[in-house]
Each structure stands twice: as structure tokens, then as C-alpha cells.
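**Student:** compute the structure for the input listed below.
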Amino acid sequence: RSQDDITEIYNTGFNAELLKESRVTGLYQQHDDYLWMTTESGVGRFNLKTKSFDNPAYIEPIATIPFYGLQCDGTGHLWLSMATGLIRLDDVNQSLSKYGKEDGLLAVDFIDGPFARPSKDLMIIGGKTGLNLFSPQSTGIRSPPPKVIITDIEVRSEEDPNYPFSIEDAPYLAETLTLP
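**Tutor:** Okay, the predicted model is just below:
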């Protein structure tokens, strides 16, 4: 082989911020148009036709976060691993969702954690505490928890004859509650 076998070579000059003192940690080719790249300095989308980075505005909040892995889930969502959890990047809806321990991950530190997608319904990511297995299709966008409305309060005590005590007005209408 000779160096002539490689027809195009890109170096750190084509996006110095993304590749500065960094190693590439993940690559994913999206159709014939884009190459998504994660590095220890961030994430970027390289346009294969124009040979330039054209990062969409919606990835700006995560553009400079260190990422350690990249995997497509088969439905077009990209999953990026970082030291504080996972990010699901939805290029169609131009949205980002973060996942952490509160979503069922064993831990959130995925530095050097390998990614695998053995089937369309299963993704695996290794971390410091073991393997996280999940179905990307059932890991939807989380909705905020419902509001809690206290409709009644009753306090009972055997030591005090003034009890049981209840609040007459609806507790959710009061700014403060005072118990006797």
C-alpha cells in the first residue's frame, strides 16, 4: 500500500475546537449526507457533501461536552455517552433528552464504556458498575411528574383530646397551614 490509496485526509484543522487535544470516541454515518462524531471535546456533524461541519443549532448546549461513545438505535436517534449519563439526540425533531440514575441507569459515568446494539430492540452500554440494558423504543421522552394536590389533612393523637384535628378549607388553597 501507499499513501495514494487514501484519497482524502482530514485533520484537526477542519474543526479545531471539536478535535483539539482530543480523541475521536464515536462515529456514525447518517445516510450519505452526514458523519456524526463524538470526541472528548464534544460532538459535531460533518457534511460529507460540502466537506465541512454544519452543526445544527439544537446541539449547541452539548457541543462542547466530552463524549465517550456514540450509537444509533435503529430508529434514527443517536445515543451519546458521557461522564454524567446518556443523551438521546433526535435529529428529526431536533431535540435532546438526558438520561441518568433517576431513569434506571446503574450509574452515570460512561467514560470508556462500550456501546452495543445487538438487536433493534436492545442497546447495551457498559459502565463502572456493570451493564445497562434497555430498549430504546420504550425509552420515550419523559413527561414531568404530575402536580400533587393535597385535598385533606387529618392528624390523630391518643394523648391529646383535641384530636382528631382536620382542616376545614381545602389545603391546596391556603398559602400556609398551621396545626394546633
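**Student:** how many neighbours does the closest residue to Met37 other than its chain neighbours have?
**Tutor:** Distances taken as Cβ to Cβ, 6 or more residues apart in numbering place Gly44 nearest to Met37, at 5.3 Å, with adjacent residues excluded. Glycine gets a C-beta too; all of them are placed from N, C-alpha and C. Residues lying near Gly44 (other Cβ atoms under 10 Å) number 21.
**Student:** repeat that for Ile62.
**Tutor:** Close neighbours of Ile62, defined as other Cβ under 10 Å, add up to 17.
**Student:** same deal with Lys49?
**Tutor:** By other Cβ under 10 Å, 9 other residues sit near Lys49.
**Student:** surely it meets Asp33?
**Tutor:** Yes. Shown here, Lys49 and Asp33 form a contact pair, counting by Cβ atoms under 8 Å, at 6.4 Å.
**Student:** coming back round to it: for the residue nearest to Met37, grab phi and psi.
**Tutor:** Here is the backbone geometry of Gly44 (degrees, to the nearest 10): phi -150, psi 160.
**Student:** doesn't Ser52 make contact with it?
**Tutor:** No. Using Cβ under 8 Å, Gly44 is not in contact with Ser52; the gap is 10.4 Å.
**Student:** distance check, the residue nearest to Met37 against Leu27.
**Tutor:** To Leu27, Gly44 is 11 Å away according to Cβ to Cβ, to the nearest Å.
**Student:** where do the contact lists of those two overlap?
**Tutor:** 36-37 (Cβ atoms under 8 Å, 6 or more residues apart in numbering).
**Student:** I'd say Ile59 and Arg45 touch.
**Tutor:** Yes. Here Ile59 lies in contact with Arg45, judged by Cβ under 8 Å, at a distance of 7.4 Å.
**Student:** all strands for this protein, in order.
**Tutor:** Assigned by DSSP state E, the chain shows strands spanning 24-30, 34-39, 42-47, 52-53, 69-72, 77-82, 85-90, 95-99, 115-119, 122-127, 130-134, 154-155, 165-166.
**Student:** need those in TSV (columns: distance to Val148 and mean pLDDT).
**Tutor:** Below are the strands of the chain laid out as TSV (distance: least, Cβ to Cβ, whole Å; pLDDT from 0 to 100):
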stretch	distance to Val148	mean pLDDT
strand 24-30	40	91
strand 34-39	39	91
strand 42-47	37	90
strand 52-53	45	84
strand 69-72	37	92
strand 77-82	32	93
strand 85-90	26	93
strand 95-99	24	92
strand 115-119	37	89
strand 122-127	33	88
strand 130-134	28	87
strand 154-155	17	63
strand 165-166	19	59
